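1. how would this look folded up:
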Amino acid sequence: MLKPVKIKDKVLEVPIIQGGMGIGVSLSNLALAVRKEGGMGVISAAMPGFQEPDFETQPIQANIRALQREIQKAKMTERGLLGVNIMVASQNYGTYVKAAIEAGVDAIISGAGLPLDLPKYSDGNVLLAPIVSSGKACRLICRRWDSHHNTAPDFVVIEGQKAGGHLGFKLKELQEGTFQSLEEILEDVQQELEVFRQKYQKEIPVFVAGGVFTHEDIEHFIELGADGVQMATRFIATRECDAHENFKQMIIQAKKEDIVYVKSPAGFPGRAVRNAFVQKIEKQANQRITNCLGCMIPCHPGDTPYCITRALIRAVQGDQENGLFFTGTSAEIINEMTDVHTLMESLKTGRKG
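-> Residues are numbered from 1 along each chain as shown. Coordinates of the predicted model:
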C-alpha cells in the first residue's frame with residue numbers, strides 16, 4: 001500500500017496526482033473521481049470555457065467563469081486534494097491563478113515555462129508547485145522564489161521525457177536520446193531542494209511524471225526518493241474522464257508507432273497521436289489565424305503552424321481526424337476502458353479493484 005504524503009499543512013491520502021490535461025480533458029468530473037479515491041484531482045486551466053456561449057467573443061471571461069464553476073463541482077467531497085494546472089505560457093496567467101485561488105483550490109501546479117513569480121499571486125494558503133524537467137530549472141525557480149518572494153515550493157512535480165503534451169526538453173534531445181532519465185532528474189532535483197528545505201525548515205515532497213503506469217512503477221520511484229507520482233495519460237481511458245469517447249478510443253487504439261513528436265505554436269515540442277491532422281501539419285506551411293483566442297504568449301497569430309486551441313477543442317469533442325490528441329508514451333500500453341476506482345485500487349495495491 002502507498003503511504004500518505006504531508007504537504008505543508010495538508011495531507012494527500014494517496015500520493016497520486018492526476019495530471020492536468022487541457023483543453024477540457026481533465027475538468028471536474030475526472031478531478032472529483034480522483035479525489036474520492038484519496039488522490040489529488042487536477043483541473044486544467046487551459047481554455048476550460050470552450051463550451052461557453054461567449055467563448056469566441058470574450059474568451060477570458062468565459063474561461064474564468066467555467067474554471068471557477070468546475071472547481072466548485074470538484075469540491076463536492078472531503079477526500080483528497082484539488083489542484084489546478086496553469087501554464088506559464090498562457091496569456092493572462094496571473095488572472096487564472098487568482099481565479100483558481102479565489103475559488104478555493106488546494107494547489108496550483110504550474111509548468112510550460114518557468115513559474116518564476118507564481119508566489120506573488122498567492123494568498124499564502126494555497127500549495128504552490130512548479131513543474132520542472134531538470135535540476136537546473138528547479139534551482140532557477142527556487143532561487144527566484146527565495147530572493148524575490150521569501151518562500152520555497154510546497155512540492156515539486158518532475159516531468160520526464162515520456163510525458164504527454166508539451167515537453168520540457170529540446171526536440172533534438174528527444175530525437176537523439178540525449179535527455180536525462182527521470183531517475184537522474186529526480187536525483188538532481190532532490191539535491192537542489194535540500195538547501196531550501198533546510199533554510200525554510202519544511203519538507204518539499206517531489207512527485208515524478210512521465211511513463212509511470214503501474215503500482216510497481218510507483219514503488220520504484222518512491223524507493224529512489226520520490227514521495228509520489230503524477231499520472232495523466234493513464235486517466236484518459238476512464239469512464240469519468242471529461243473527454244469525448246472518441247478521444248478515449250484514440251488512446252486505447254494507439255500503438256507505439258502512432259505516438260510522435262509535434263511542433264507546438266507555444267514553442268515547445270509536444271507528444272501526440274499521429275492522425276490525419278498531425279500528418280497535415282507535418283507538411284503544410286504556417287497558417288494565418290484570423291480569429292485569435294489569445295491563448296499562448298509565444299504564439300504569433302499572423303505566423304503560426306496552426307491554432308492549437310482549436311485543434312485541442314476538436315480533439316476533446318471527438319473529431320478523430322482533425323483534432324490534436326496529446327498523450328504520453330503509456331498510451332501504447334493502454335488497451336481497455338476502466339473506471340477511476342478500479343484504476344486507483346490497482347495503483348495503490350497492485351491488485352485490480
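2. would you map the strands across the stretch 1-150 of the chain?
-> Taking DSSP state E, counting those that start in this stretch as the criterion, the stretch 1-150 of the chain contains strands spanning 5-7, 10-12, 16-18, 40-44, 81-87, 107-111, 127-132.
3. what's in contact with the fourth one?
-> Strand 40-44 has contacts (CB atoms under 8 Å, 6 or more residues apart in numbering) with 12, 16-28, 30-35, 67, 70-71, 74, 80-85, 106-107, 109. C-beta coordinates here come from the backbone N, C-alpha and C atoms, glycine included.
4. 6 Å instead?
-> Outside strand 40-44, the residues that touch it by CB atoms under 6 Å, 6 or more residues apart in numbering are 12, 17-18, 20-22, 26-27, 31, 34-35, 70, 74, 81-85.
5. mean confidence for that strand?
-> Throughout strand 40-44, pLDDT has a mean value of 98.
6. okay, the angle between that strand and strand 81-87?
-> Orientation of strand 40-44 against strand 81-87 (axes from the mean of the first three to the mean of the last three CA atoms, to 10 degrees) gives an angle of 30 degrees.
7. which residues in the stretch 1-150 of the chain form helices?
-> 28-36, 59-74, 93-102, 135-149 (DSSP state H, counting those that start in this stretch).
8. hmm, back to that, list only buried entries from the contacts of strand 40-44.
-> Using 16 or more other CB atoms under 10 Å as the burial test, the contacts of strand 40-44 include 12, 17-18, 20-22, 26-27, 31, 34-35, 70, 74, 81-85 as buried.
9. returning to what we had before: can I get the helices of the stretch 1-150 of the chain in JSON lines including mean pLDDT and distance to residue 275?
-> Converted to JSON lines, the helices of the stretch 1-150 of the chain look like this (pLDDT from 0 to 100; distance: least, CB to CB, whole Å):
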{"stretch": "helix 28-36", "mean pLDDT": "98", "distance to residue 275": "23"}
{"stretch": "helix 59-74", "mean pLDDT": "97", "distance to residue 275": "26"}
{"stretch": "helix 93-102", "mean pLDDT": "96", "distance to residue 275": "29"}
{"stretch": "helix 135-149", "mean pLDDT": "97", "distance to residue 275": "31"}
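10. any weak-confidence spans in this protein?
-> Along the chain, the parts satisfying pLDDT under 70 run over 171, 174, 176, 178, 285-294, 296, 299-303, 352-353.
11. so what are the structural domains in it, by residue number?
-> 5-243+336-349, 246-330 (automatic domain parsing).
12. which one of those domains is the most hemmed in?
-> domain 5-243+336-349 (a mean of 20; mean count of other CB atoms under 10 Å).
13. off-centre distance for it?
-> On the basis of CA atoms, centre = their mean, to the nearest Å, domain 5-243+336-349 sits 5 Å off its chain's mean C-alpha point.
14. how long is that domain end to end?
-> The first and last residues of domain 5-243+336-349 sit 16 Å apart, counting by CA to CA, to the nearest Å.
15. and if you look at stretch 21-41?
-> Per CA to CA, stretch 21-41 runs 11 Å from first to last residue.
16. what's the answer for stretch 228-248, then?
-> End-to-end for stretch 228-248, by CA to CA: 25 Å.
17. which residues are in contact with it?
-> 5, 15-19, 21, 24-25, 27, 29-30, 33, 157, 164, 207-209, 212, 218, 251-252, 315-318, 320, 327-328, 330-331, 334, 337-340.
18. wait, a strand at residue 208?
-> Yes. Counting by DSSP: H, G, I helix; E, B strand; the rest coil, residue 208 is found in a strand.
19. that one bridge partners, please.
-> Going by DSSP bridges, residue 208 is paired in beta bridges with residue 158, residue 229.
20. ok, it to residue 276 distance?
-> 34 Å (CB to CB, to the nearest Å).
21. again, but for residue 99
-> 36 Å.
22. skipping adjacent residues, who's closest to residue 156 in space?
-> residue 206 (5.1 Å; CB to CB, 6 or more residues apart in numbering).
23. where along the stretch 251-353 of the chain do the helices fall?
-> Going by DSSP H, counting those that start in this stretch, the stretch 251-353 of the chain shows helices at 276-283, 308-316, 340-349.
24. out of those, nearest to residue 179?
-> Comparing the helices of the stretch 251-353 of the chain by their distance to residue 179 (CB to CB), the top pick is helix 276-283, with 21.7 Å.
25. list the contacts of the nearest residue to residue 163 once chain neighbours are set aside.
-> Nearest residue to residue 163, sequence neighbours excluded (CB to CB, 6+ apart): residue 210, at 3.7 Å. Contact criterion CB under 6 Å, 6+ apart gives 159, 160, 162, 163, 182 as the residues in contact with residue 210.
26. take these and keep only those in helices.
-> Applying DSSP state H to the contacts of residue 210, the entries found in helices are residue 182.
27. ok, residue 149 to residue 75 distance?
-> Taken as CB to CB, the span from residue 149 to residue 75 is 27 Å.
28. with residue 221 instead?
-> From residue 221 to residue 75 the distance is 29 Å (CB to CB).
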